[in-house]
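J.: have a look at this prediction, sequence included:
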Amino acid sequence: MPHSHSGGADRYRRDVTLLVGTHPSFLDHSAGEGHPERPARLAAVARGLESSGLGGEIRHFTPRPATRAELVAVHDPAYLDALEEAAGRGGGRIDADTAFGAGSWGAALHAAGAGLDAVQRLADGEGTAAFLALRPPGHHARPATGMGFCLLNNVAVTAAALASAGQRVCIVDWDAHHGNGTQEIFYDDARILYVSLHQCPFYPGTGGRTEVGAGPGAWATLNIPLPPGSAGDAYRMALADLVLPRIAAFGPDWLLVSAGFDAHRDDPLCDLGLSAGDFGDLARAIGAAAPPGRCVAFLEGGYDLVALERSVAACAAGLVGATVVPEDPTSMGLGLDAVAAACRRWEGHVLAGPAPGGAGRSAGGAGRSTDGATRGGAPGGHYPRRA
């Protein structure tokens, strides 16, 4: 029977299970006093999950750490050694925004392993989809360095393992910041379709429309840069006109989401205009585009705690096809021209086919695109903070 719950939304219960992965070590990661990427974010996520209306349809699990072999598929061994050694000495700093403490290495290992664990559990039939409440986040982490609050690239570790097992993977990144690290790692890899919707111009200076992949991975990177103030109508247009058709054409075996919530209109670091209701729409659409039981969402950004709580509630429900509307979806008219421009960029282009044996880790590089973004992103840059 239909019933009403959080935000006045109605939905029909069905046989679904949302796997939720989190680990005590995530609270041990310290990015520094007063840093926006703080342990309190996980408490906000937990409140959001409680208000999602899923109740007994949530099954919690404690993820395993990633192994050395799983990490070196995307990260340079020298970087891993330096990070572990520095954490063992009490911590350090990678750039102006990215610091870590003694507990950060253990947290990073479990954050990188969470997606691998979730994939195995979903493959074993334990759930319908998975949401990973983890920190530190990961999508800015490049092969040889962390940056932008990120130490290890959590979603990339999972995607690389799946691709090595012969699976086709789509990564959808709706964090307000472009996932430069993820793009760099897979830029010439035809086995992985990377899709990003992000604020532009903005940190880290990557993600232009002309960045579409290289070599075997040409046209397997889809960037949709959006101007400040873009709201839910622009995102819905992007999904309907470009993202969902490209996902369908690619035919992924798995769909991974870099689920940042800093595109919310109340986020202190960004200038986009989404509401919690918009994140619910995104999650329902992306969850429905994935093969059954093959969707995993990784927590990335989101720094206003109330906005994060509400957005997670809507997203968690949406991943399993339910509807929770803590805030109404938005429509501002901004960003529609940017979406249309991205659609024109992709007219007539087909996705690259899978490369036999795969391309492995991209050599990356910082080649500048013709629309002004640097492909790899520059370590030492920093997140702007709204006044």
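T.: Thanks, I have it. Numbering: from 1, shown residues only.
J.: how many neighbours does residue 306 have?
T.: Using other CB atoms under 10 Å, residue 306 is surrounded by 14 other residues. In this view, the C-beta of every residue, glycine as well, is placed from N, C-alpha and C.
J.: list the contacts of it.
T.: Applying CB atoms under 8 Å, 6 or more residues apart in numbering, one finds that residue 306 lies in contact with 44, 266.
J.: and what of residue 245?
T.: Contacts for residue 245 (CB under 8 Å, 6+ apart) come out as none.
J.: could you measure from it over to residue 239?
T.: Residue 245 sits 9 Å away from residue 239, going by CB to CB, to the nearest Å.
J.: how about residue 302, nearest residue that isn't a chain neighbour?
T.: residue 261 (3.0 Å; CB to CB, 6 or more residues apart in numbering).
J.: burial count for that neighbour?
T.: Neighbourhood size, residue 261 [other CB under 10 Å]: 31.
J.: wait, it sits on residue 311?
T.: Yes - contact criterion CB atoms under 8 Å: residue 261 and residue 311 qualify, at 4.2 Å.
J.: what do the two both touch?
T.: Taking CB under 8 Å, 6+ apart as the contact rule, residue 261 and residue 311 both touch 279, 302.
J.: strands of this structure, start to end?
T.: With DSSP state E as the criterion, the chain has strands at 2-5, 9-12, 18-21, 58-61, 91-93, 99-101, 129-132, 169-173, 192-199, 221-226, 254-259, 295-299.
J.: mind putting the ones you listed into TSV with mean neighbour count?
T.: Output for these, formatted as TSV (neighbours: other CB atoms under 10 Å):
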stretch	mean neighbour count
strand 2-5	11
strand 9-12	15
strand 18-21	23
strand 58-61	16
strand 91-93	15
strand 99-101	20
strand 129-132	29
strand 169-173	26
strand 192-199	28
strand 221-226	26
strand 254-259	28
strand 295-299	30
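J.: dump those strands into TSV; add distance to residue 337 and mean pLDDT as well.
T.: Output for the strands of the chain, formatted as TSV (distance: least, CB to CB, whole Å; pLDDT from 0 to 100):
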stretch	distance to residue 337	mean pLDDT
strand 2-5	37	33
strand 9-12	31	42
strand 18-21	36	98
strand 58-61	40	98
strand 91-93	40	97
strand 99-101	39	98
strand 129-132	33	98
strand 169-173	21	99
strand 192-199	15	98
strand 221-226	10	98
strand 254-259	25	99
strand 295-299	29	99
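J.: now the ones you listed in JSON lines, with distance to residue 139?
T.: JSON lines is the format used below for the strands of the chain (distance: least, CB to CB, whole Å):
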{"stretch": "strand 2-5", "distance to residue 139": "31"}
{"stretch": "strand 9-12", "distance to residue 139": "29"}
{"stretch": "strand 18-21", "distance to residue 139": "17"}
{"stretch": "strand 58-61", "distance to residue 139": "22"}
{"stretch": "strand 91-93", "distance to residue 139": "20"}
{"stretch": "strand 99-101", "distance to residue 139": "17"}
{"stretch": "strand 129-132", "distance to residue 139": "13"}
{"stretch": "strand 169-173", "distance to residue 139": "6"}
{"stretch": "strand 192-199", "distance to residue 139": "9"}
{"stretch": "strand 221-226", "distance to residue 139": "13"}
{"stretch": "strand 254-259", "distance to residue 139": "5"}
{"stretch": "strand 295-299", "distance to residue 139": "8"}
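J.: residue 36: which of these is closest?
T.: strand 99-101 (12.2 Å; CB to CB).
J.: which neighbouring elements make contact with that closest one?
T.: helix 77-88, strand 91-93 (3 or more CB pairs under 8 Å, 6 or more residues apart in numbering; DSSP states H and E).
J.: again, only using 7 Å
T.: strand 91-93 (3 or more CB pairs under 7 Å, 6 or more residues apart in numbering; DSSP states H and E).
J.: ok, residue 185 touching residue 156?
T.: Yes - at 4.8 Å, residue 185 counts as touching residue 156 under the criterion of CB atoms under 7 Å.
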